[in-house]
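S.K.: test case, fold it:
(one chain, ligands or ions: 1)
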Amino acid sequence: MPVEEFVAGWISGALGLVLGHPFDTVKLLGFFKGMSFPIASIAVVNSVLFGVYSNALLALTATSHQERRAQPPSYTHVFIAGCTGGFLQAYCLAPFDLIKVRLQNQTEPRAKLGSPPPRYRGPVHCAASIFQAEGPRGLFRGAWALTLRDTPTMGIYFVTYEWLCRQSTPDGQNPSSATVLVAGGFAGLTSWVTATPLDVIKSRMQMAGLKQRVYRGLLDCMVSSARQEGLGVFFRGLTINSARAFPVNAVTFLSYEYLLHSWG
Ligand SMILES: C[N+](C)(C)CCCC[C@H](N)C(=O)O
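M.R.: Numbering: from 1, shown residues only. Alright, predicted model coming up:
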């Protein structure tokens, strides 16, 4: 099984993540909180995404990364491989994402005299507290919503990227850096725009039981959020998600392509 894609996915994801972190946190008011933790987790998550995507394409089309410029896979195959990568990465991402959301939501001002200490002292303490209180399943709170968010939208992510690259590149050639940047940026944008409604639901389910009410399930969370706050609730964070998505994914794809290219 080719492993370069896993390694390139890891490094490129980390680069994109550093760039996107301030955007990611501003929507939760806790600027720069929890930076070291996502850096560590992106190693697993982005390498699973890109590694599985590429190996799924290999299984579907019998072409390696190097051969795919000369023999481009169909968009159906790209979509299926993207969904497969999205599905598996969502499960790896679930515990990390839960911890990130819980930590970022701790926005109480620090060390005010007499104020109670924050509930979680850091990522490890957060994971341990959830594990102790709810067992291993507790770490996967919201995982189902995360899987629904990421499976189709990762398909859309890779289809958008491939389509834009092919539009502006002569047949059989590698796309230019400018093309990769723009295609990667738009891939992130379309993927995040379509993912936003389930992103809202996912975060609410991950916070359930702490600040917000407990939901009976995903559907209950959707219906009660819409009833109480109107349909606009599904577009919360759309602007910030889009502003973050473009630069993060432009850098992610550029470094991914660059690394794979330089390893031959
Ligand atoms: C599928 N979904 C839209 C959630 C993510 C798509 C892009 C993933 C990228 N690592 C990022 O953080 O932007």
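
S.K.: which helix or strand contains the closest residue to the ligand within the stretch 1-150 of the chain?
M.R.: Ranked by Cβ to the nearest ligand atom, the top residue of the stretch 1-150 of the chain for proximity to the ligand is residue 150, at 4.6 Å. From N, CA and C alone the C-beta is placed, and that goes for glycine too. Taking DSSP states H and E as the definition, residue 150 sits inside helix 143-167.

S.K.: going along the chain from that helix, find the next helix or strand for me.
M.R.: helix 177-207.

S.K.: show me where the stretch 1-150 of the chain dips below the pLDDT cut-off.
M.R.: 1, 24-36, 107-115 (pLDDT under 70).

S.K.: nearest spatial neighbour of residue 173, skipping sequence neighbours?
M.R.: Nearest in space to residue 173, with sequence neighbours left out and distances taken as Cβ to Cβ, 6 or more residues apart in numbering, is residue 69 at 6.8 Å.

S.K.: state the number of residues packed around the residue of the stretch 1-150 of the chain closest to the ligand.
M.R.: For residue 150, the neighbour count with other Cβ atoms under 10 Å is 29.

S.K.: from what I can see residue 51 touches residue 5, true?
M.R.: Yes: under the criterion of Cβ atoms under 8 Å, residue 51 makes contact with residue 5 at 4.8 Å.

S.K.: is the residue of the stretch 1-150 of the chain closest to the ligand in contact with residue 87, as I believe?
M.R.: Yes: look at residue 150 against residue 87 with Cβ under 8 Å: they come within range, at 7.1 Å.

S.K.: which residues of the protein lie near the ligand?
M.R.: 13, 16, 46, 149-150, 153-154, 157, 188, 191-192, 195, 245, 248-249 (Cβ under 6 Å from any ligand atom).

S.K.: which residues touch the residue nearest to residue 173?
M.R.: With contact taken as Cβ atoms under 8 Å, 6 or more residues apart in numbering, residue 69 is in contact with 172-174.

S.K.: which of those sits closest to residue 91?
M.R.: residue 174 (32.4 Å; Cβ to Cβ).

S.K.: grab the nearest non-local neighbour of the closest one.
M.R.: Residue 174's closest residue in space is residue 69 (Cβ to Cβ, 6+ apart), at 5.9 Å.

S.K.: find the nearest non-adjacent residue to residue 163, please.
M.R.: Leaving aside its sequence neighbours, residue 163 sits nearest to residue 75 (Cβ to Cβ, 6+ apart; 7.0 Å).
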